[in-house]
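Visitor: Coordinates for the following, if possible.
(one chain, ligands or ions: 1)
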Amino acid sequence: MVRLSNAKGGGAIAASSPLPGTIGAAPLLEVSRLSVHAGSNALVEDVSLSVRPGETLCLVGESGCGKSLTCMSMLGLLDDNLSLGGSIRLFGTETVGAPESVLNNLRGSDVAMIFQNPMVSLNPVQRVGAQIAEAIVEHTPLRGATVDRRVVELLDQVGIPNVARNKSYYPHQLSGGMCQRVMIAMALACKPKLLIADEPTTALDVTIQAQILRLLRDLQVELGLGIVLVTHDLGVVAEIADHVAVMYAGRVVEASSVDALFENPRHPYTRALMGSRIGFGRQPGTPLDAIGGTVPAPSARPIGCNFAPRCAMASERCQVDPPLLRYGQHAVACHFSGLESGVGA
Ligand SMILES: Nc1ncnc2c1ncn2[C@@H]1O[C@H](COP(=O)(O)OP(=O)(O)OP(=O)(O)O)[C@@H](O)[C@H]1O
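Guide: Coordinates of the predicted model:
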């Protein structure tokens, strides 16, 4: 279940139903009223969400909406110039304000992260098998020949063909898709319960992207992983998400189950994201509508609703910040959502 709250909108909001089989399972991750500041600028505000075993939560939004900072906060990997507020509980342990040793224990053991560009994340001068072996030695008690066996097992698990040969290759000898599989193998080396994936398919072409998403989904079923996946692509969301949090200018503006979001997007920003992409409710032949304007910089946010300057529906009401409100399993922060009065579904 993804839970959401917004300080201005009141208490916790249950924004979607748990997956079958996860009802009652303790959340792997619980983020409550997360804020990230650079000096007086709020980069992320009042973000709350949770992920249970076997669930995939997608964070979606344009560049600069705060998706990566939200993920980096979860791992305690924020730059030194940033300050963190709110609460982040990983497997029940509060990590905000916790000593580095607590985060070190969690990172690479119960929680792992994969990034956008595997070519950048992998060491170019070390064979991929050796890089996975290093991750195994760092995060598990395995040693010697057992490590080699585990390398082969992991490469098999992520669908690398001809493992005996490919494990001795350097990253540049493998395709981008294969390198991303290697990164996923490294992430799995520590048998994590939670995987945080920041745009893991953005650098890959569409066919390979679909293969990697399928792999993540398969691994999730096999291992019961919770996944937080960042993307700006609603196609990726449709493919893999159970729950979605749409972020705009540092906040969650809409959240629900993936089905409810696509059936009935309520925030004008969500609808604009859908309208700017081929295949989401568009008639064949209609031109793509780019969303006019850009996400406001944290230092230049408007008074009231952050999306108002780009919103066709904006009126005087939007000078007042809309709270994130819930209707059933759907939460939205817009004066025109029809949710304020609790009507309409
Ligand atoms: N260390 C930092 N100091 C100051 N501002 C920062 C810092 N890191 C990120 N920001 C700003 O915070 C905002 C949110 O950044 P973030 O990287 O989380 O966005 P994003 O939604 O992940 O975008 P992208 O898809 O481009 O990664 C942006 O305006 C960014 O410029």
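
Visitor: Identify the residues contacting Ser73.
Guide: Ser73 makes contact with 31, 34, 36, 44, 84, 88, according to Cβ atoms under 8 Å, 6 or more residues apart in numbering. Bear in mind the C-beta positions are built from the backbone N, C-alpha and C, glycine included.

Visitor: want to try CSV for those, with secondary structure as columns?
Guide: Formatted as CSV, the contacts of Ser73 follow (DSSP: H, G, I helix; E, B strand; the rest coil):
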residue, secondary structure
Val31, strand
Leu34, strand
Val36, strand
Val44, strand
Leu84, strand
Ile88, strand
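
Visitor: quick one: which of these is most hemmed in?
Guide: Among the contacts of Ser73, Val44 has the most neighbours (other Cβ atoms under 10 Å), with 28 neighbours.

Visitor: picking up where we left off before, mind putting the contacts of Ser73 into TSV with distance to the ligand and pLDDT?
Guide: Shown next, in TSV, are these (distance: Cβ to the nearest ligand atom, whole Å; pLDDT from 0 to 100):
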residue	distance to the ligand	pLDDT
Val31	14	97
Leu34	12	97
Val36	8	98
Val44	7	97
Leu84	12	96
Ile88	15	97
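
Visitor: ok, longest helix in the protein?
Guide: helix 206-223 (DSSP state H).

Visitor: so what does the following helix or strand past that helix touch, helix or strand wise?
Guide: Remark: after helix 206-223, the chain's next helix or strand is strand 226-231, criterion DSSP states H and E. In terms of contacts (3 or more Cβ pairs under 8 Å, 6 or more residues apart in numbering; DSSP states H and E), strand 226-231 is packed against strand 41-51, strand 56-60, helix 67-74, strand 194-198, helix 206-223, helix 234-240.

Visitor: go again using 6 Å as the cut-off
Guide: Under the contact criterion of 3 or more Cβ pairs under 6 Å, 6 or more residues apart in numbering; DSSP states H and E, strand 226-231 touches strand 56-60, strand 194-198.

Visitor: Report the buried residues of that strand.
Guide: Within strand 226-231, the residues that qualify as buried by neighbour count (16 or more other Cβ atoms under 10 Å) are 226-231.

Visitor: Send me whatever helix or strand Glu254 lives in as PDB with only the CA atoms.
Guide: Element membership of Glu254, judged by DSSP H and E, is strand 251-257. What follows is strand 251-257, C-alpha atoms only, in PDB (Å, rounded to 0.1, in the frame of the first residue of the first chain):
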ATOM      1  CA  ARG A 251       5.700  17.500  -4.100                       C
ATOM      2  CA  VAL A 252       3.400  14.600  -4.700                       C
ATOM      3  CA  VAL A 253       0.400  16.000  -6.600                       C
ATOM      4  CA  GLU A 254      -1.400  12.800  -7.400                       C
ATOM      5  CA  ALA A 255      -1.100   9.200  -6.200                       C
ATOM      6  CA  SER A 256      -3.100   6.100  -6.700                       C
ATOM      7  CA  SER A 257      -3.000   2.500  -8.000                       C
END
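
Visitor: could I get the helices and strands packed on strand 226-231 as TSV with distance to Ser256 and mean pLDDT?
Guide: Shown next, in TSV, are those (distance: least, Cβ to Cβ, whole Å; pLDDT from 0 to 100):
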stretch	distance to Ser256	mean pLDDT
strand 56-60	11	97
strand 194-198	21	95
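
Visitor: next one: phi and psi at the residue in the stretch 201-345 of the chain that the ligand sits nearest to?
Guide: Closest approach between the stretch 201-345 of the chain and the ligand, counting by Cβ to the nearest ligand atom: Pro298, at 5.1 Å. The phi/psi pair for Pro298 (degrees, to the nearest 10) reads phi -50, psi -30.

Visitor: what's around the spatially closest residue to it that is not a sequence neighbour, how many residues?
Guide: Excluding the flanking residues, the one nearest Pro298 by Cβ to Cβ, 6 or more residues apart in numbering is Asn41, at 4.1 Å. Counted with other Cβ under 10 Å, residues neighbouring Asn41 total 14.

Visitor: ok, now Leu213?
Guide: 21.

Visitor: looking at it, it is touching Ala238, isn't it?
Guide: No: with contacts counted by Cβ atoms under 6 Å, Leu213 stays clear of Ala238, the gap being 10.1 Å.

Visitor: Close to the ligand: what parts of the stretch 201-345 of the chain are there?
Guide: Residues of the stretch 201-345 of the chain lying close to the ligand by Cβ under 6 Å from any ligand atom are 232, 297-298.
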